[in-house]
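Give the three-dimensional model of this entry:
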Amino acid sequence: MKKLVLNLVALALVLMGALEVNAQIQTPRPSPTAKISTTVGLTDIDIEYSRPSVKERTIFAADGLVPYGEKWRTGANSATKVSFSDDVKLGGQEVKKGAYAVLTIPTEKEWKVMLYPYESGNWSSYADKEPAVAFSTPTMKSGNMIESFTIDLHNLRDASASLVMAWDKTLVSIPLELNVDDKVMAGIKKTLAGPTGDDYYAAASYYHDSGKDLEQALTWIQKATQVDEPKFWQVRREALILADLKKYEAATKSAKKSMELAEKAKNDDYVRMNKKSIEEWAKMK
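Residues are numbered from 1 along each chain as shown. This next block holds a predicted model:
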């Protein structure tokens, strides 16, 4: 009986706990999280930050919520995070592609902006580290009072934009430059130069595996293999296509070449496969 009572008490406690969990009250976050994803030119830019509000407080001042001359997480809660898919210039400074935590030191006339390779949302963990990039940018008076802290990208052009941070009556606009021309020109040169050896190999492999036109597959694979430094797996594919065309002598020659290249590359699997094929095709001649 005593054991039964204890079990009932335990069950009641579990049920009460479940009710407490389900009955949790949700309230608005004082500083909600914002996420921005924008493509500028050919570069993807993502920004994640929290948005505190003025709420009738003094924000930027010697004795404000964000004191002049002190490091600020540039938002609230976690460290502000900005990510670039390509190398860019921000505030005139070179910034390598990747994700960064953003800390700032606001003063009345300028902000010092510091970017740290992103490790975590714990903004204080960056405070004593050397930033990867640092620069100063002048402050401006915003035309209207901005209640909630805002980060956005304005003035979007093919190769430039402005990264704007604004709160209360203070605004900073940081020039962002992107090297679009080099990226476009590289794409043009690559496309107009025609298919690469890997492209021909992929097309030939598809035709071969799908049982399509083997003569066309052979034409493509030989465009990949008839170069100064052919790849052993591509020459192996040439040998297999030749064998399926019943051109065993040529297939054997290609297999031997693939085997030699594989030996130099120390790839024992391809050495074994080619040896086995050469032995099989010797019986077919």
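
model confidence over stretch 131-139, on average?
What stretch 131-139 shows for mean pLDDT is 97.

just use 2 as the starting number from now, easier for me
Sure, I'll start numbering at 2, so the last one becomes stretch 132-140.

got the CA coordinates for it in PDB?
Provided in PDB are the C-alpha atoms of stretch 132-140 (Å, rounded to 0.1, in the frame of the first residue of the first chain):
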ATOM      1  CA  PRO A 132      40.000  42.700 -34.500                       C
ATOM      2  CA  ALA A 133      40.700  41.400 -38.000                       C
ATOM      3  CA  VAL A 134      39.500  44.800 -39.400                       C
ATOM      4  CA  ALA A 135      39.100  48.100 -37.700                       C
ATOM      5  CA  PHE A 136      38.200  51.600 -39.000                       C
ATOM      6  CA  SER A 137      36.400  54.800 -38.000                       C
ATOM      7  CA  THR A 138      33.400  56.300 -39.600                       C
ATOM      8  CA  PRO A 139      31.800  59.700 -38.900                       C
ATOM      9  CA  THR A 140      28.400  60.000 -37.300                       C
END
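
Buried residues in that stretch, which are they?
In terms of neighbour count (16 or more other Cβ atoms under 10 Å), stretch 132-140 has its buried residues at 132-134, 136, 138, 140. All C-beta spots, glycine's among them, are computed from the backbone N, C-alpha and C.

So which residues make contact with that stretch?
In this structure, residues lying in contact with stretch 132-140 by Cβ atoms under 8 Å, 6 or more residues apart in numbering are 91-97, 101, 104, 107-118, 171-175.

Low-confidence stretches in the chain?
Applying pLDDT under 70 to the chain flags the ranges 2-24, 29, 31, 286.

So which residues of this structure form helices?
Taking DSSP state H as the criterion, the chain carries its helices at 3-23, 181-193, 198-211, 215-226, 233-245, 249-265, 269-283.

among the ones you listed, which is the most enclosed?
Stretch with highest mean neighbour count among these: helix 233-245 (a mean of 22; mean count of other Cβ atoms under 10 Å).
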